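[1] Structure for this input, please:
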Amino acid sequence: MGPGPQDELAPAGMGLRRDPGVRILAGGTVLVGGSPVRVLRLTPSGARHVAGWWSGTPVSDNPRARALARRLLDTGIAHPVPDGGGWGPGDVTVVVPVRDRQAELARCLAGLSGGAWGGRPPGPAQSGSALSGGAWGGRPPEPTLTPMPRVVVVDDGSGDPAAIARIASGAGARVLHRPVNGGPGAARNTGLAAADTPLVAFLDSDCVPGPGWLDALLPHFADPAVGAVAPRIVPAEPGHTWLARYEGASSTLDMGARASIVRPGSRVPYVPGAALVVRRAAAGTGFTETMRVGEDVDFVWRLAASGWRVRYEPAAAMRHQHRVRLREWFGRRKDYGTSAAILEARHPGAVRPLYLSVWTALAWLAAATGRPAAGGAVTGVGVALLARRLARVTGEDWPWPMTGTAWPLAARLAGGGTLAAARPLGSAISRTWWPVALPAAVAVRRMRWPLAALVLTPPLLDWLDRRPPVDPARYVAARLLDDIGYSLGVWQGCAKHRIVRPLLPRLASRHLDTPQVNSAGTMMSSGDRS
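    Numbering: from 1, shown residues only. Alright, predicted model coming up:
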């Protein structure tokens, strides 16, 4: 990847908004939130800055305030409020890799030629805005606006290259022909090498861009630390079959309705390459060409490891023609699963079926072996130990009193987290461990109902959360079929690459489903303490 940003401070003038899941305690001096969960204690000065940011005051040019703002952004406690930034369509080259999908390509290019900005070219921040006047720093000169971004179609070894060329030229796009199919990574790299703009937008040919699809994405690049931004991917049209309705509500390409920083362990751990805008300086040589699937996840994770920030922005939506025929849909799920082995080899610890603390694992093991009282006792010990750690942050005595902040917060995080672990545990069984769990359930009668309950709980809770236009029975069936396809690919990839880590849970003593407890000393002369 390209070298990461040199300045780790948030830009002066940036607006911040609080993540909806953040809790403010102890009069605003303790923040609980982010992904994974952090408990941050602020100095009085830091608390005043944060309160101002939540009310709309932009980040000042104070280096310590900027460092604290970056900390909140990186932990997921805060999200940026981009405003302008000076980027326009003339700064973007759209790269569309394609192989044979002529109808999809024509539809994609028609969406692009319809005007990516919806008839409203973006300019710099308005003069009355608190973020105007170049306050973010490093903003490029005002670009020369054009009606639409430049478009490069990369023909990745199509059977009828002349037809691809006709469709592309008819839409005013440049065509690059690869005589041999190299896969999506290689095709994107060909387009990346041909781009001479500071930003490159990768769009798969089955995407259908609409007016304004870039509006909410480009302003993020006013932060010089942002290397890539991804929109939310939604179905191009309403589903008519039960599988299409399920895919429209639960597609693996749709990362949800909440904005997030993107990296392993975050609430949004990856974003698909189907629609991704990248800073050219961050992309380096691009995607790993030897990977036919998972190359986009690997690309995003390498960006994050190099110090670049990757943002997920659901305010921007990209319509996508989902696969809704059972055979190709199931085959694609299996293909996705095969990438787990190579991704885990390239990014150790990032691709596991389950992440648990030792305390949660022991509690569930006790319950599964018919000792629920022992499981409750283990959870109680975990709550007490976490309360002791939290008391050091909140400034309370421990163990008494129990009515302050530390004990209720510990019960919510550790106790509630142990109960909530049923959902990822059930998903791990259906997505990875069912080839082992199924024979165990057949052999041991008393395990049948607990395993069945664990497996059915996640899809039923998903249905309740999403309320999709499909009945619960069909939704659960589709979800379990989805999991089976993925798990077959996981096992196949593990056998091929001779690796078992993608099949194993990752246990940690405290930093996974219990919070990281820190003192946010960026507003203190003593520095950061963990």
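
[2] how about the strands in the stretch 401-530 of the chain?
    506-508, 516-520 (DSSP state E, counting those that start in this stretch).

[3] what's the least confident stretch among these?
    Least confident of these, judged by mean pLDDT, is strand 516-520 with a mean of 41.

[4] Give me the nearest residue to residue 231, chain neighbours excluded.
    residue 316 (3.6 Å; Cβ to Cβ, 6 or more residues apart in numbering). For the C-beta atoms, the positions are set from N, CA and C on the backbone; glycine is no exception.

[5] ok, now how distant is that neighbour from residue 236?
    Here residue 316 is placed at a distance of 15 Å from residue 236 (Cβ to Cβ, to the nearest Å).

[6] where are the low-confidence patches of the stretch 101-250 of the chain?
    Applying pLDDT under 70 to the stretch 101-250 of the chain picks out residues 114-148.

[7] Could you check how far the nearest residue to residue 398 once chain neighbours are set aside is from residue 416?
    Distance criterion Cβ to Cβ, 6+ apart; nearest residue to residue 398, sequence neighbours excluded, is residue 391 at 3.9 Å. Taking Cβ to Cβ as the measure, residue 391 and residue 416 are separated by 18 Å.

[8] quick one: which of the two has more around it?
    Neighbour count, other Cβ atoms under 10 Å: between residue 391 and residue 416, residue 391 has more, with 19 against 14.

[9] For the more buried one, give me its contacts.
    Taking Cβ atoms under 8 Å, 6 or more residues apart in numbering, we find residue 391 in contact with 397, 398, 404, 406.

[10] Can you tell me the element the first one falls in?
    When secondary structure is defined by DSSP states H and E, residue 397 falls outside every helix and strand.

[11] From the structure, what's the count of residues near the closest residue to residue 334 other than its chain neighbours?
    Spatially, and ignoring its direct neighbours in sequence, residue 334 is nearest to residue 489 (4.1 Å; Cβ to Cβ, 6+ apart). Using other Cβ under 10 Å, residue 489 has 22 neighbouring residues.

[12] cool, and the one 4 residues further on?
    The criterion is other Cβ under 10 Å. On that basis, residue 493 has 26 neighbouring residues.

[13] surely it meets residue 503?
    No: using Cβ atoms under 8 Å, residue 493 is not in contact with residue 503, being 10.2 Å away.

[14] circling back to that earlier point, out of the contacts of residue 391, who's the most crowded?
    When neighbours are counted by other Cβ under 10 Å, residue 406 leads the contacts of residue 391 with 27 neighbours.

[15] for that residue, what are its contacts?
    387, 388, 390, 391, 393, 394, 396, 398.

[16] what's the spacing between the residue nearest to residue 231 and residue 240?
    From residue 316 across to residue 240, the span is 26 Å (Cβ to Cβ).

[17] neighbour-wise, which of these two wins?
    Higher neighbour count among residue 316 and residue 240: residue 316, with 20 against 9, using other Cβ under 10 Å.

[18] so which strand or helix has the residue lying closest to residue 486 once chain neighbours are set aside?
    Using Cβ to Cβ, 6+ apart and skipping the chain neighbours, the partner closest in space to residue 486 is residue 337 (4.1 Å). Using DSSP H and E, residue 337 falls within helix 326-346.

[19] Dump that helix to CSV, keeping only the CA atoms.
    What follows is helix 326-346, C-alpha atoms only, in CSV (Å, rounded to 0.1, in the frame of the first residue of the first chain):
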residue,chain,number,x,y,z
LEU,A,326,-30.4,-20.6,-5.9
ARG,A,327,-27.6,-22.4,-7.7
GLU,A,328,-25.4,-19.4,-8.4
TRP,A,329,-26.3,-17.8,-5.1
PHE,A,330,-25.3,-20.8,-3.1
GLY,A,331,-22.1,-21.3,-5.2
ARG,A,332,-21.1,-17.7,-4.5
ARG,A,333,-21.6,-18.2,-0.8
LYS,A,334,-19.3,-21.2,-1.0
ASP,A,335,-16.7,-19.2,-2.9
TYR,A,336,-16.8,-16.5,-0.2
GLY,A,337,-16.0,-19.2,2.4
THR,A,338,-12.9,-20.4,0.5
SER,A,339,-11.3,-17.0,1.1
ALA,A,340,-11.3,-17.5,4.9
ALA,A,341,-8.1,-19.7,4.9
ILE,A,342,-5.9,-17.4,2.8
LEU,A,343,-7.2,-14.3,4.6
GLU,A,344,-6.4,-15.8,8.0
ALA,A,345,-2.9,-16.7,6.7
ARG,A,346,-2.3,-13.2,5.5
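
[20] isn't residue 260 right up against residue 312?
    Yes: the pair residue 260 and residue 312 passes the contact test of Cβ under 8 Å, sitting 4.8 Å apart.

[21] Overlap in contacts, these two.
    Residues touching both residue 260 and residue 312 by Cβ under 8 Å, 6+ apart: residue 268.
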